[in-house]
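Trainee: Show me the folded form of this:
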Amino acid sequence: MSKNRYIIPIFIPHEGCPNDCSFCNQKTIAGTSSQVNVEKIETIIQSYLKLYTNQQKQREIAFYGGSFTGLPMEVQKQYLTVAFNYKKKGLIDGIRLSTRPDYINEEILQQLKFYGVTIIELGVQSTNEEVLKMNKRGHSKDDVFKAVKSIRKYEFQLGLQMMIGLFGDTEQRIEQTAKDLISLRPDFVRIYPTLVIRDTALERYYYEGIFEPLGLEECVDICESLLVAFEGNHIKVIRLGLQSTEEIAYGKSIIAGPYHPALRELVESKMFSSRIEALLHTKESDEIKGCILTVYCHPRSASKVAGHKKCNKSYFLEKYQLAKFIVKTQENIDEKEVEIQITKVLK
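Mentor: Modelled structure (predicted):
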């Protein structure tokens, strides 16, 4: 949940989605297999509004799970009417939904605008045609660009979702997808590493030996480069990895793949490690060995600089045979940057 926003999640698992993509078991990913209706939506909204009491935070109703705009128009209207009534009363500030690129057209967008939708997220996953076909996505790269153009015409906020390590994916294809998404200038993106989920085509491919998911270390390296690329182009990455649920865990729904409950922390730790390493590469090894390395960073970045479970501290102490690794904070340093100081130990 955003620090400035409350999300009221309404999951519509697999409703409206015409395809069973190779990686998808939406009932598992959404953490529920039950269907929704108008009465259930009302109950969910009211229960969350009782919990969300901070008047300084915005409240958003979010339709997650299946492809919302793949639902029959009348069903969309029924669901949106409930949400819009709360918006008209001033009880919520926005309505967001997720859908597929090939389920966007003028009639749909006009209805979404009329009923107060503020944010549309598109599940792009990849812009490589071969990867899209191999994973049975059922849409093309061209569908993505057409959908984005139409969404921008109606002035919705736009989010794009991409996956890494799909069946048939390569680092080059992932990089190109990221470049394509950056060119579309979304307001934010989500990045999901591909996991082998129970009861999916990918599970069969995995056991047949024709698909191997990314390892965690490789996944972190790729996500680091993507995070740097998106943030370097002033595009927020609002999620890295699937959110943990009772179902999303090894030994339950996950068969294989780079799942970690703190993936973003791992990635951001790696990003700061790379930046410290780059600064150290300008020094001679004799200047560093046995010294005290002090890393200065913004207060909000201190834990990331030290690393997940102090992994960066351990890494630099061992690799450079440091006497100490110290993290100090300064308000005037950018949150994504670091400065270093090397101090010789007097003997």
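
Trainee: When you work out contacts or count neighbours from here on, use the C-alpha atoms and nothing else.
Mentor: Noted.

Trainee: mind listing the helices for the stretch 151-300 of the chain?
Mentor: Secondary structure of the stretch 151-300 of the chain (DSSP state H, counting those that start in this stretch): helices at 171-183, 201-208, 216-232, 263-280, 285-288.

Trainee: Would you tell me which of these gets closest to Cys311?
Mentor: With respect to Cys311, and counting by C-alpha to C-alpha, the nearest of the helices of the stretch 151-300 of the chain is helix 263-280 at 8.1 Å.

Trainee: now for that closest one, which elements pack on it?
Mentor: Using 3 or more C-alpha pairs under 8 Å, 6 or more residues apart in numbering; DSSP states H and E as the contact criterion, the secondary-structure elements in contact with helix 263-280 are helix 216-232, strand 236-240, helix 302-306, helix 311-319, strand 339-343.

Trainee: Deepest-packed of those, please.
Mentor: helix 302-306 (a mean of 22; mean count of other C-alpha atoms under 10 Å).

Trainee: Distance of Ala83 relative to Leu71?
Mentor: As for Ala83, its distance to Leu71 is 16 Å (criterion: C-alpha to C-alpha, to the nearest Å).

Trainee: who has more neighbours, these two?
Mentor: When neighbours are counted by other C-alpha atoms under 10 Å, Ala83 comes out ahead of the other of Ala83 and Leu71, with 26 against 19.

Trainee: In a strand, the more buried one, correct?
Mentor: No. Under DSSP: H, G, I helix; E, B strand; the rest coil, Ala83 sits outside any strand and is assigned helix.

Trainee: Could I get the helices of the stretch 151-300 of the chain in a markdown table, plus columns for mean pLDDT and distance to Lys50?
Mentor: As requested, the helices of the stretch 151-300 of the chain are arranged in a markdown table below (pLDDT from 0 to 100; distance: least, C-alpha to C-alpha, whole Å):
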| stretch | mean pLDDT | distance to Lys50 |
| --- | --- | --- |
| helix 171-183 | 99 | 38 |
| helix 201-208 | 96 | 40 |
| helix 216-232 | 98 | 35 |
| helix 263-280 | 97 | 30 |
| helix 285-288 | 83 | 56 |
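
Trainee: circling back: could you provide the helices and strands packed on helix 263-280 in CSV, with additional columns for distance to Lys113?
Mentor: Shown next, in CSV, are those (distance: least, C-alpha to C-alpha, whole Å):
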stretch, distance to Lys113
helix 216-232, 28
strand 236-240, 24
helix 302-306, 40
helix 311-319, 47
strand 339-343, 47
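
Trainee: which residues does the closest residue to Leu195 other than its chain neighbours contact?
Mentor: In space, Leu195 comes closest to Gly257 once its chain neighbours are excluded; the distance is 4.6 Å by C-alpha to C-alpha, 6 or more residues apart in numbering. The neighbours of Gly257, taking C-alpha atoms under 8 Å, 6 or more residues apart in numbering as the test, are 193-196, 213-216.

Trainee: measure Gly257 to Tyr315 for me?
Mentor: Applying C-alpha to C-alpha, the value for Gly257 to Tyr315 is 25 Å.

Trainee: pLDDT score assigned to Ser35?
Mentor: If you look again at residue 35, you'll see it is Gln, not Ser. What the model reports for Gln35 is a pLDDT of 74.
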